[in-house]
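Participant: A predicted structure for the sequence below; I have some questions about it.
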Amino acid sequence: MSEWDWKETGAGALFDPLKERLARALRPSDHSEGRASFDPDRPDDRTRVYLTVDTECAEERNLGSRVQPPMGYDLRVWGRFDNRDEELGVPLIMSELEACGMRGTFYTEAIGAHHFGKAGLKEVCQQMLDRGHDVQLHVHPVQRQALLQEGKPSASDNISAYSLAEQTALLSEGMDLLEEAGVPRRSILSYRAGNFGASNLTWQAMAAAGLTLSSNYNPCYFDLHCGMRSEDALAGLFRTEVDGVWELPITNFRQPNGGHRHLQIMAVSLAEMIHCLRACRARGIRHVTFVTHSFEYFHIDSIEGRRGHKNVINIARLRGLLEFIQAHDDEFVMETVGELAQRLPQDVPEVREYPAEPRALHLMRLVEQGLKRMSAHVPLP
């Protein structure tokens, strides 16, 4: 084999049919009480799906035994490698979306342009816009100075660590940088914090900066970085405590162990994604948000040597998700966060609880994740 491939190993042939049968068997009924059938004259009857892509470089990191050098737009955003002809980052994601007639939302990190170059940010934004995709604001404050200082990060990377005035300034600066990179100011309406590290104060900062739609509320990260909490939170789109600011939470499901897991392409299996989509629709959750990153579709073999190879499992998950949505377009429709932001305010169903994950899918994902970790270390041909 010239390259490790999921299907060529025989693992796909072994697990995919089993996963599909289990997914069908465990699929929640779509005949929930009070649910209307799809009316083509009322497209909002379909469940809206958002593929959100955190598009970012990487700062220098202290990994304990070694220091990982910073990675700029070529490696972490474009996925450009000296040993490969095709680009495995943002262009691959856009191509997969476009093959199904869809467009994604690219939450594009802006502050890092001070370190990695404004020209690089502009090149990325222009290609995404030229191909019809949605560009919204993403901020990692640490990337303003992406080199370690005395072995430590140059600044706190969670926006929640900053005052209201400082948060507002960071958001406004990020919007200025995106506008300078060619993104129309009027189209920048949404914000996602690096690490989902926002707090309730961030909603106030967004209002002050002129942003109307947050996508940060993430129960999977409550014990890590996400400081947002709200008694009015819903499993889908909801109004925040700040007038004029809405929240599009990252969709989660409840795991058998009682914790939450978010719908991230690299973190959940295709069977889990499909089950969660159907369960959300059955529950009446009308806005389902997936998260991924520009760097999830390749493994880096050498930063210095600029060598890498495809992450075939993540690519297969993305493709399978998009094909499922395309094949079930009477139930689901992909739209961009920017499109949603332009329609606010709107009525939303008050569904608070996320779907539960069947134990069988949980166990199969653990096996699949193990195979993926193995694939990261397969020698290059």
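Facilitator: Arrived safely. This structure is a prediction, so every number in the text was calculated from the model and none was measured.
Participant: burial of Thr183, as a residue count?
Facilitator: Small correction: residue 183 is Val, not Thr. Each residue near Val183 was counted by other Cβ atoms under 10 Å, and the total is 24. Every C-beta, even on glycine, is put in place using the N, C-alpha and C of the backbone.
Participant: Quick check: the gap between it and Cys125.
Facilitator: For Val183, the distance to Cys125 equals 5 Å [Cβ to Cβ, to the nearest Å].
Participant: Touching both of these two, which residues are there?
Facilitator: Residues touching both Val183 and Cys125 by Cβ atoms under 8 Å, 6 or more residues apart in numbering: Thr108, Val135.
Participant: what's Arg239 sitting at in phi/psi?
Facilitator: For Arg239, the backbone dihedrals (degrees, to the nearest 10) come out as phi -70, psi 140.
Participant: and the closest residue to it other than its chain neighbours, bridged to which residues?
Facilitator: Take Arg239 and drop its neighbours on the chain: the residue closest to it by Cβ to Cβ, 6 or more residues apart in numbering is Trp246, 5.9 Å away. Assessed by DSSP bridges, Trp246 has beta-bridge partners Leu213, Arg239.
Participant: Next up, the contacts around the nearest residue to Arg229 once chain neighbours are set aside.
Facilitator: By the measure of Cβ to Cβ, 6+ apart, the closest residue to Arg229 outside its immediate chain neighbours is Asn200, 6.9 Å from it. When contacts are counted by Cβ under 8 Å, 6+ apart, Asn200 is found next to Gly227, Met228, Arg229, Ser230, Thr240, Glu241.
Participant: Now flag whichever of those residues is closest to Leu321.
Facilitator: The shortest approach to Leu321 among the contacts of Asn200 belongs to Met228, at 26.0 Å (Cβ to Cβ).
Participant: And for the closest one, the neighbour number?
Facilitator: The local packing of Met228 (other Cβ under 10 Å) involves 25 other residues.
Participant: Name the SS class of the residue minimising distance to the centre of the chain, please.
Facilitator: For the chain, the residue whose C-alpha lies nearest the mean C-alpha position (Cα atoms, centre = their mean) is Val291; its distance is 1.8 Å. Assigned by DSSP: H, G, I helix; E, B strand; the rest coil, the conformation of Val291 is strand.
Participant: What residues are bridge-paired with it?
Facilitator: Thr52, Gln264.
Participant: That one and Gln342, how far apart?
Facilitator: 21 Å.
Participant: if I look at Thr251, how far off is Asp347?
Facilitator: 19 Å.
Participant: higher neighbour count, those two?
Facilitator: Of the pair Thr251 and Asp347, Thr251 is the one with more neighbours under other Cβ under 10 Å, namely 27 against 8.
Participant: I'd guessed the more buried one sits against Leu263; true?
Facilitator: Yes: with contact defined as Cβ atoms under 8 Å, Thr251 reaches Leu263; the gap is 4.7 Å.
Participant: what do these two both touch?
Facilitator: With Cβ under 8 Å, 6+ apart as the test, Thr251 and Leu263 both reach Cys276, Val288, Thr289, Phe290.
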